[in-house]
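Undergrad: Structure here, sequence nowhere to be found:
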């Protein structure tokens, strides 16, 4: 069995008092494509914990993580485009979650988050990474929300009718299509959260301005720290903060520094950077665990190591209330629909 991280009494207390939220992980792809057992403790045997095997229920408990956003196990450029893939995935996840309901709770409504904490079990909410195959239809979107879908990312790695991603430089200046504006309206009407991760700069800015409710950027780095296609600009981060939205800081060192490898301190530095440009209320965590990236930070190799991040944040002299906001308070505010 893996050892639990060595954490100070103060950090342990703060971590246990906080509601810890991770806005994005791709673990369900492993569950439904490879038979990964979420109820079993796993360990990535490779140095720097590349690619996957980062999240399971025992390590969520070890890491004190109360809530995690699982992306639906569909490929944005495949199954979703053929039609019906989103609904089928929601049905499969709903049925699967019942087999594990004693160990982890599928939260469909804000009150479920508190209920899961009172039960003493971790919980998850569902997201869809990419609007491929999704129409701007009020009934369709309302149906997805009723089945437990909390948010949709307007695009992923390839363009769709709703938005252009950041993958290619030539898409950076492409405005948000009419379908994107219509989809945002449908999502907000259904009580769904708009996710701006992966969007090209112009599409992202247009989408932020179209939102009437706080949006999220579920997992990202920052161009001001590491200029690259995957990261958002300071201007975009400020725009999201101005809408009372939150931005999940991604953990992969390659998005945060010039190296593929680093320690938990590169995540702390990214949090401090975001704090300097967007303030305390815009910061959240968006690990991208199980997201098939080449590495994770030493000391933060999987979800069981989350208290290490709390320890490091407190060591910087950051106020306890701010640390609690970062760990999950800010994310919970947006998930609950509070402005």
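TA: Structure's in. What do you need? These figures come from a predicted structure and were not determined experimentally.
Undergrad: who's in contact with residue 23?
TA: 69, 216, 218, 219, 246, 248, 284, 285, 286, 331 (Cβ atoms under 8 Å, 6 or more residues apart in numbering). For the C-beta atoms, the positions are set from N, CA and C on the backbone; glycine is no exception.
Undergrad: ranges for the strands of this protein?
TA: Defined through DSSP state E, the strands belonging to the chain, from first to last, are 21-25, 67-71, 105-106, 123-129, 149-153, 193-195, 216-220, 246-249, 283-285.
Undergrad: List the neighbouring strands of the fourth one plus their orientation.
TA: Meaning strand 123-129. Each strand that pairs with strand 123-129, with its direction, by DSSP bridges: strand 67-71 (parallel), strand 105-106 (parallel), strand 149-153 (parallel).
Undergrad: do the last one as well
TA: The strands that strand 283-285 pairs with in its sheet are strand 246-249 (parallel) (by DSSP bridges).
Undergrad: tell me how far the partner strand is from the chain's mean position?
TA: Average the C-alpha atoms of strand 246-249, do the same for its chain, and the two points are 8 Å apart (Cα atoms, centre = their mean, to the nearest Å).
Undergrad: go on, stretch 314-328?
TA: 19 Å.
Undergrad: Need the contact partners of that stretch.
TA: Contacting residues not belonging to stretch 314-328 are listed as 8, 10-11, 14-15, 17-21, 66-67, 268, 271-272, 275, 280-281, 283-285, 309-310, 313 [Cβ under 8 Å, 6+ apart].
Undergrad: now the residue lying closest to residue 280 once chain neighbours are set aside: how far from residue 331?
TA: Taking Cβ to Cβ, 6 or more residues apart in numbering, and ignoring the residues beside it in sequence, residue 280 has residue 322 as its nearest neighbour in space, at 4.9 Å. Between residue 322 and residue 331 the computed distance is 14 Å (Cβ to Cβ, to the nearest Å).
Undergrad: Comparing these two, which residue is more hemmed in?
TA: Per other Cβ atoms under 10 Å, whichever of residue 322 and residue 331 has more neighbours is residue 331, with 27 against 19.
Undergrad: What does the pLDDT read for the more buried one?
TA: Turning to residue 331, the model gives it a pLDDT of 98.
Undergrad: cool, and residue 265?
TA: With respect to pLDDT, residue 265 scores 97.
Undergrad: what's around it, how many residues?
TA: By other Cβ under 10 Å, the residues close to residue 265 number 19.
Undergrad: which ones are touching it?
TA: Remark: with contacts taken as Cβ under 8 Å, 6+ apart, residue 265 is in contact with 297, 312.
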